[in-house]
Structure formats: C-alpha cells, structure tokens
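S.K.: any chance you can model this:
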Amino acid sequence: MPNLAGAVFGNMVSAFLKLLSPLLGLAGGRFAVLASKHRAAAV
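M.R.: This next block holds a predicted model:
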C-alpha cells in the first residue's frame, strides 16, 4: 500500500510542478527584464 500512496503523491507533485513551471518562467522573465533595466539605469 505505501507504494501506491507514493506513486499517487509523486504524480500529484509532478503535475503541480508542470503547472507551476510556466508561472515561474513568467516571473523569472519579468524579474530579468526589471534587473536589466535597473542595471542600465545604474550605469
């Protein structure tokens, strides 16, 4: 039984990460743009 629970939990985690990764990518891209603008303003 623990194996089944582990498999279900693993599937849930992987699905959650798949859902989360585009959001993280979007936030990361926005942060990179802000950082580059800040760097350009500082120089």
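S.K.: where along the chain do the helices fall?
M.R.: Listed from the start of the chain, the chain has helices (DSSP state H) covering 2-42.
S.K.: show me the shaky parts of it.
M.R.: Counting by pLDDT under 70, the chain contains low-confidence residues at 1, 43.
S.K.: cutoff 80 now
M.R.: The model of the chain has pLDDT under 80 over residues 1-2, 42-43.
S.K.: residue 40 - how many residues pack around it?
M.R.: When counting by other CB atoms under 10 Å, one arrives at 8 neighbours for residue 40. No exception for glycine: its C-beta is placed from N, CA and C like everyone else's.
S.K.: likewise for residue 33?
M.R.: Summarising burial for residue 33: neighbours were counted as other CB under 10 Å, giving 10.
S.K.: show me the contacts for it.
M.R.: Listed by CB atoms under 8 Å, 6 or more residues apart in numbering, residue 33 has no contact partners.
S.K.: quick check: the gap between it and residue 26.
M.R.: 11 Å (CB to CB, to the nearest Å).
S.K.: then residue 36?
M.R.: Look at residue 36 and residue 26: by CB to CB, they are 16 Å apart.
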